[in-house]
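Asks: how does the following fold in three dimensions:
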Amino acid sequence: MGDAPEPDDEDEPDAETDGGVRAYTVRLELVDEPGELLRALAPIADSGGNLLSIHHERGNITPRGHIPVEVDLECPPDRFDDIVQALRDAGVNVIQAGEEHYGEEVNVVLVGHLVETDLSNTLSRIEDEAEAVVQDLSLAAPDGTEGVASARARLAIDSGRSEEALAAIRSIGTDKELTVVEPLLGGEA
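Replies: Predicted coordinates:
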């Protein structure tokens, strides 16, 4: 009888390391267009995830006019981050990935020589330094790419990190001689 508890204790760690598969929930927002659901599911399967269930609320529209989709999947823990990145690389709007919540949304406007200062680099720096996800970008360049342009970026950030994220974006703006128009925080619009 003294031997029975030992194998049980050993089984728990082995289940997580020996082919261990965990269940995850990913919440997405999709545009209401044909093929969008398939486009969102393909990166999951292609990255080694096994779909368990899909809750697609076509009649329930988010404030941004998108369709919320909740996907339950299973995969080894070391593949989950790759699945989330594959979704983002495919242009899928990831609202929640496992325990990772983007609880706040911030809109900023950047004004200046955006193209000349490498807009792609600016957005990459915002994602890295402000720890934000660029969910949407609108660019206006009335004088062409050589002139002053403006870009509105909708960013998803972790709850409680607005001030920190905006400070990082201000710093990037200063480095690139861009004007940053930021939202007023602390109240409802």
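
Asks: can you tell me the helix or strand for the nearest residue to H55 once chain neighbours are set aside?
Replies: Using CB to CB, 6 or more residues apart in numbering and skipping residues adjacent in sequence, the residue nearest H55 is E70, 4.2 Å away. C-beta: built from backbone N, CA, C; applies to glycine. Taking DSSP states H and E as the definition, E70 sits inside strand 67-75.

Asks: which residues of the chain fall in strands?
Replies: Counting by DSSP state E, the chain has strands at residues 22-30, 50-56, 67-75, 93-97, 100-101, 104-112, 133-140, 149-157, 179-181.

Asks: quick one: strands adjacent to the first one?
Replies: The strands that strand 22-30 pairs with in its sheet are strand 67-75 (antiparallel), strand 93-97 (antiparallel) (by DSSP bridges).

Asks: tell me which residue is most central in this protein.
Replies: V94 (4.5 Å; CA atoms, centre = their mean).

Asks: you'd agree it is up against L30?
Replies: No - using CB atoms under 8 Å, V94 is not in contact with L30, being 10.9 Å away.

Asks: so what's the residue count around G48?
Replies: 15 (other CB atoms under 10 Å).

Asks: with adjacent residues omitted, what lies nearest to it?
Replies: Using CB to CB, 6+ apart, the nearest residue to G48 is R79, at 4.8 Å.

Asks: distance of the one you found relative to V71?
Replies: 15 Å (CB to CB, to the nearest Å).

Asks: neighbour-wise, which of these two wins?
Replies: V71 (22 against 16).

Asks: residue contacts, that one?
Replies: By CB atoms under 8 Å, 6 or more residues apart in numbering, the contact set of V71 is 25-28, 40-41, 44, 51, 53-55.

Asks: now the residues you listed in TSV, with neighbour count and distance to L119?
Replies: Compiled in TSV, the contacts of V71 are given as follows (neighbours: other CB atoms under 10 Å; distance: CB to CB, whole Å):
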residue	neighbour count	distance to L119
T25	15	33
V26	23	28
R27	16	28
L28	23	26
A40	23	26
L41	19	30
I44	23	30
L51	12	35
S53	10	39
I54	15	35
H55	11	36
